[in-house]
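In: coords please:
(one chain, ligands or ions: 1)
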Amino acid sequence: MSVQGEARVLTTRRLLEMKQKGEKIAMITAYDYTFAKIVDKAGIDIILVGDSAANVMAGHETTIPITIDQMIYHAQSVMRAVKNPLVVVDMPFGSYQGNSREAVSSAIRIMKESEADAVKVEGGSEVMESINRILSTGIPVMGHLGLTPQSIHKFGTYAVRAREEDEANRLIEDAVALEKAGCFALVLEKIPAMLGKKVAQMLKIPVIGIGAGKYVDGQVLVMHDMLGLTNDFSPRFLRRYANMHDEALNAFESYVNDVKNGDFPNESEQY
Ligand code: KIV
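Out: Coordinates of the predicted model:
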């Protein structure tokens, strides 16, 4: 459910149908009401309330510090805006890794308090017990393999993952296991395009890529990156659709000048 309690068009079932029909899936991150409303209008299929909020909203270096309370706050703001897209909320670092009972409690809290549609969890076999438990409660789970930013301190780098055969084989095994467990979709981040293609062909569930090439079933980008609000981050996979950093900067500079020069407000802008 969403605004005014209307049932939304995009469901996990519809996503499966889209994969079967070869319709590409467009997913984007959002963290607040105003942008979620615009994204909804644009016809996006899935909104991810990503833990990348830790980076683009809060200015942290990694996604590790964000809390469940903060994720719920962002998810609630997004949910007040959406009519059509499926809304998936990232389970933050520490809320599901160590203990599968705690994982269920975290997922239930996120679903109850945000009223979103699903959660996303990073990792494969190492978090399978948590994923199984969450799924057993009826909460839809989206998997996430390849570059998993919550494990950045283990990897030590944001470089492309699974270039070597061993790691690629492990990723394939995890992808198959996630589908078998009952995940409704899978995100693949920063892996070779041919590996993305192979996984998408092997799985019946939709595979959404970010830096996983063009042969997967859909794409996801971080909103602030694709809008060009951030300009200090330029991985090869990122297409910028606007330069909102410069537009915002120009607007702020003009405003400062107008105030300082006494040009704002003018006669018609006062009571
Ligand atoms: O948090 C996020 O934005 C994500 C995407 C990169 C898929 O997990």
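In: after the lowest-mean-pLDDT helix or strand in the chain, which helix or strand is next? Please name it.
Out: Counting by mean pLDDT, DSSP states H and E, the chain has its least confident helix or strand at helix 152-155, which shows a mean of 92. Downstream of helix 152-155, the first helix or strand assigned by DSSP states H and E is helix 165-181.
In: note down every partner strand of the helix or strand following that next one and its orientation.
Out: Counting by DSSP H and E, the next helix or strand C-terminal to helix 165-181 is strand 185-189. Strand 185-189 has its sheet partners listed here by DSSP bridges as strand 141-146 (parallel), strand 207-210 (parallel).
In: ok, the residue in the chain that the ligand sits nearest to - contacts?
Out: Of all residues in the chain, Gly50 sits closest to the ligand, at 2.5 Å by Cβ to the nearest ligand atom. For every residue, glycine as well, the C-beta is placed using N, CA and C. The neighbours of Gly50, taking Cβ atoms under 8 Å, 6 or more residues apart in numbering as the test, are Thr29, Tyr31, Asp90, Val222.
In: at 10 Å instead, please
Out: By Cβ atoms under 10 Å, 6 or more residues apart in numbering, the contact list for Gly50 reads 27-31, 56-57, 63, 66, 71, 74, 88-90, 120, 144, 149, 187, 220, 222-223.
In: phi first, then psi, for the nearest residue in space to Thr137 that is not next to it in sequence.
Out: In space, and not counting its chain neighbours, Thr137 is closest to Val104: 6.0 Å by Cβ to Cβ, 6 or more residues apart in numbering. Val104 has phi and psi values of phi -60, psi -50 when expressed as degrees, to the nearest 10.
In: can you tell me which residues contact Val104?
Out: Tyr96, Ser130, Asn132, Arg133, Ile134, Leu135, Ser136, Thr137, Ile139.
In: Lys120 versus the fifth one, what's the distance?
Out: To tie it back to what came earlier, the one meant is Ile134. 11 Å (Cβ to Cβ, to the nearest Å).
In: list the contacts of Glu189.
Out: With Cβ under 10 Å, 6+ apart, Glu189 has these contacts: 122, 144-149, 158, 160-161, 196, 208-212, 220, 237.
In: one more time with 8 Å
Out: Glu189 touches His144, Leu145, Gly146, Leu147, Thr148, Pro149, Arg161, Gly209, Ile210, Gly211, Ala212, counting by Cβ under 8 Å, 6+ apart.
In: show the pLDDT at the first one.
Out: It stands for His144. Per-residue pLDDT puts His144 at 98.
In: between all of the contacts of Val104, which two are separated the most?
Out: By the measure Cβ to Cβ, Tyr96 and Ser136 form the most distant pair in these, at 13.8 Å.
In: what's the local residue count around Glu247?
Out: The tally of other residues near Glu247 (other Cβ atoms under 10 Å) stands at 13.
In: element containing it?
Out: Counting by DSSP H and E, Glu247 is found in helix 244-261.
In: now, of the contacts of Gly50, which are buried?
Out: Buried members of the contacts of Gly50, counted by 16 or more other Cβ atoms under 10 Å: 27-31, 56, 63, 66, 71, 74, 88-90, 120, 144, 149, 187, 220, 222-223.
In: near the ligand, list only the ones from those residues.
Out: For the ligand, the contacts drawn from the buried ones among the contacts of Gly50 by Cβ under 6 Å from any ligand atom are Thr29, Asp90, Val187, Val220, Val222.
In: return the subset of these lying in strands.
Out: Thr29, Asp90, Val187, Val220 (DSSP state E).
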